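Trainee: Structure for this input, please:
(one chain, ligands or ions: 1)
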Amino acid sequence: MGEGAPLRTDRLVLTPLAVADAGEMVEVLSASELYTFTGGAPPDLEQLEERYRAQVAGPATGDEVWHNWIVRLADSGTAVGFVQATVTRDAADVAWVIGAPHQNGGLAREAAAAMVLWLAGQGVSRFSARIHPRHIASQRVAAAIGLKPTGQIDEDGEVVWELSPVQSSG
Ligand SMILES: CC(C)(COP(=O)(O)OP(=O)(O)OC[C@H]1O[C@@H](n2cnc3c(N)ncnc32)[C@H](O)[C@@H]1OP(=O)(O)O)[C@@H](O)C(=O)NCCC(=O)NCCS
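Mentor: Model prediction:
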């Protein structure tokens, strides 16, 4: 599954993650409220570089592929967040983060939609996300790309949302 070209939308360009993005992203990820529903804390530069090195290197096992994109404003190139997907064969588990100053302007929806469209073009037909039951903004993003909540709760207490190929009743 090749990657490398940026994904473009009306307002955004999604660039495949590079370790050098850490410098810019430390600031984007610096607000403590970004971690309200996911846990964790703002990373420092060293931690983020280490995380990005691991993400760029990819998983140790052969049946999983990791995709990470920095979400940038198309006009200025300014980094505003990231989207990511863990792909196993035809299934992708997806996630999104938009920095606090840029939230509530539809950027997460726009970035997530571009990612899903690209993945679908690569043969991914099943999508999932794990979302805290009180995280309305992330639920809205998931709904916007067609995901629906399942009854399933994962090991972290998050609700599993899914979009699966439409089954023909025949
Ligand atoms: C979830 C997140 C990515 C949404 O980013 P965003 O760019 O603000 O989202 P959008 O502007 O595309 O808005 C999506 C929807 O959420 C709604 N929304 C945005 N912020 C909201 C808030 N604080 N409370 C309630 N709804 C909110 C928007 O009105 C929009 O609703 P609509 O689709 O009905 O119009 C962002 O809040 C974030 O990064 N949070 C921290 C990281 C995180 O928790 N990621 C998700 C892990 S599952």
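Trainee: make it CA atoms for all contacts and neighbour counts henceforth
Mentor: OK.
Trainee: Tell me where this protein has helices.
Mentor: 22-28, 45-57, 107-121, 136-144 (DSSP state H).
Trainee: looking at those, which is buried most?
Mentor: Comparing the helices of the chain by mean neighbour count (mean count of other Cα atoms under 10 Å), helix 107-121 ranks first with a mean of 20.
Trainee: does it come close to the ligand?
Mentor: Yes - on the criterion Cα under 6 Å from any ligand atom, helix 107-121 is in touch with the ligand at 107-109.
Trainee: I'd like to know which of those residues is nearest to residue 80.
Mentor: Within the residues of helix 107-121 next to the ligand, the smallest distance to residue 80 is 8.8 Å, found for residue 107 (Cα to Cα).
Trainee: Quickly list what the residue lying closest to the closest one once chain neighbours are set aside is bridged to.
Mentor: Among residues not flanking residue 107 along the chain, residue 98 sits closest, at 7.4 Å (Cα to Cα, 6 or more residues apart in numbering). With beta bridges defined as DSSP bridges, residue 98 has these partners: residue 81.
Trainee: what does residue 87 give?
Mentor: Taking DSSP bridges as the rule, residue 87 bridges to residue 65, residue 92.
Trainee: count of neighbours near it?
Mentor: Per other Cα atoms under 10 Å, the neighbour tally for residue 87 reads 20.
Trainee: picking up where we left off before, so for residue 69, which of the helices of the chain sits nearest?
Mentor: Nearest to residue 69 among the helices of the chain is helix 107-121 (8.6 Å), distances taken as Cα to Cα.
Trainee: Tell me what angle that closest one forms with helix 136-144.
Mentor: Interaxial angle of helix 107-121 relative to helix 136-144 (axes from the mean of the first three to the mean of the last three Cα atoms, to 10 degrees): 40 degrees.
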